[in-house]
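*Asks:* sequence first, then the predicted structure:
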Amino acid sequence: MQRVLWTVILTGIAGWAAGCGSVQGLLGRPEVEKPLMTGGETRFLEDASGRWGVHDVNRPAPPVVTPFTQAGKAPSDAIVLFNGTDLSQWTNPSGGPAKWVVKADYMEAVRDSGPIKTKQRFGSCQLHVEFATPARVQGRGQGRGNSGVFLQDNYEIQVLDSYDNATYPDGQCAALYGRSVPLVNVCAKPGEWQSYDIIFHRPLFDGDRVTRKATFTVLQNGVLVQDHVVLSGGTGWRGSSAISNYEAHEDKLPISLQDHGNPLRYRNIWVRELKD
């Protein structure tokens, strides 16, 4: 078996050498070139780390990360924003202490306290949030279990008790507010814990002009509800039939959670920063 393995490796290296002039030329990461095609087949690939032969064992491997395997545990490379004990990573809108309360292993929105924002600022990221709408059902439509998760303090993924609760579809739970209706309604019953897993790539601006729009992929309770949606504009409410447009902003801004007058609960919040 060992002889066969070395034969395969040496044969592959010989093939690469024939295509690039020398083995050293390949392993030394030559200047970026177009992929070399031989007999209609791709023999080389290029990425930020250089130019590599297909199946090249010397191509840089990704870092090892320990995944989260149980509730309340974040991946080893994640930034934990709330671990169930305190609000030290959060502020009120003025930058002072967050006015929500911590009970057991969760935080709860306090009516008229305003939103809370992370002290740290983020751009493109993977965000995990767990939430529960009130077990005691009160109100209907937008008045029932309303909150929101805002990326870069601007772009809202709606949180709402949408279990047997009709409202406008672009404002129900898991909607990109006012923009994109979720693919399915996968809401749990009031009072039950739910989760969002969000992949967000921030918009890019040149002055006041947006040159790349934001994208969202969202899983709610493990089910895909927003499939790499290109956000066409802002999600800010501008009245009963209008929302905001893109407005240029900083590359990194806080993540925020909305106080909409309902005692929403949140727990196990973590984020992993992504490259643009």
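*Replies:* Ah, there it is.
*Asks:* domains in this protein, as residue ranges please.
*Replies:* Taking automatic domain parsing as the domain assignment, the ranges for the chain are 2-53, 79-273.
*Asks:* can you flag the weakest of those domains by average pLDDT?
*Replies:* For the domains of the chain, the stretch scoring lowest in mean pLDDT is domain 2-53; its value is a mean of 53.
*Asks:* for the most centrally placed residue in the chain, pull up the helix or strand it's in.
*Replies:* When the chain is reduced to its mean C-alpha position, the nearest residue by Cα atoms, centre = their mean turns out to be residue 199, at 2.5 Å. With elements delineated by DSSP states H and E, residue 199 resides in strand 194-201, which encompasses its position.
*Asks:* what's around residue 125, how many residues?
*Replies:* Neighbour count for residue 125, taken as other Cβ atoms under 10 Å: 20. Backbone N, C-alpha and C define where each C-beta goes, glycine included.
*Asks:* so it touches residue 216, yeah?
*Replies:* No - with contact defined as Cβ atoms under 8 Å, residue 125 does not count as touching residue 216 (11.3 Å).
*Asks:* shared neighbours of those two, anything?
*Replies:* Common contacts of residue 125 and residue 216, defined by Cβ atoms under 8 Å, 6 or more residues apart in numbering, comprise 151, 198, 200.
*Asks:* quick revisit: and the domains of the chain: which comes nearest residue 63?
*Replies:* Among the domains of the chain, domain 79-273 comes nearest to residue 63, with 11.8 Å by Cβ to Cβ.
*Asks:* what's the end-to-end length of the closest one?
*Replies:* Between the opening and closing residues of domain 79-273 lies a distance of 8 Å (Cα to Cα, to the nearest Å).
*Asks:* do the same with stretch 57-77
*Replies:* The first-to-last residue distance of stretch 57-77 comes to 25 Å (Cα to Cα).
*Asks:* ranges for the helices of the protein?
*Replies:* Chain-ordered helices for the chain, with DSSP state H as the definition, fall at 2-20, 23-27.
*Asks:* export the shared contacts of residue 125 and residue 216 to JSON lines and append columns for neighbour count and distance to residue 132.
*Replies:* Putting the shared contacts of residue 125 and residue 216 into JSON lines (neighbours: other Cβ atoms under 10 Å; distance: Cβ to Cβ, whole Å) gives the following:
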{"residue": "151", "neighbour count": "26", "distance to residue 132": "21"}
{"residue": "198", "neighbour count": "20", "distance to residue 132": "17"}
{"residue": "200", "neighbour count": "23", "distance to residue 132": "22"}
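*Asks:* of the residues you listed, closest to residue 104?
*Replies:* Distances from the shared contacts of residue 125 and residue 216 to residue 104 were compared by Cβ to Cβ; the smallest belongs to residue 198, at 24.5 Å.
*Asks:* for the closest one, which non-adjacent residue is closest in space?
*Replies:* Nearest-residue entry for residue 198: residue 127, 4.4 Å, with adjacent residues in sequence omitted and distances by Cβ to Cβ, 6 or more residues apart in numbering.
*Asks:* give me the beta-bridge partners of the one you found?
*Replies:* Listed beta-bridge partners, residue 127: residue 198, residue 271 (assigned using DSSP bridges).
*Asks:* surely it meets residue 216?
*Replies:* No - look at residue 127 against residue 216 with Cβ under 8 Å: they stay out of range, at 10.4 Å.
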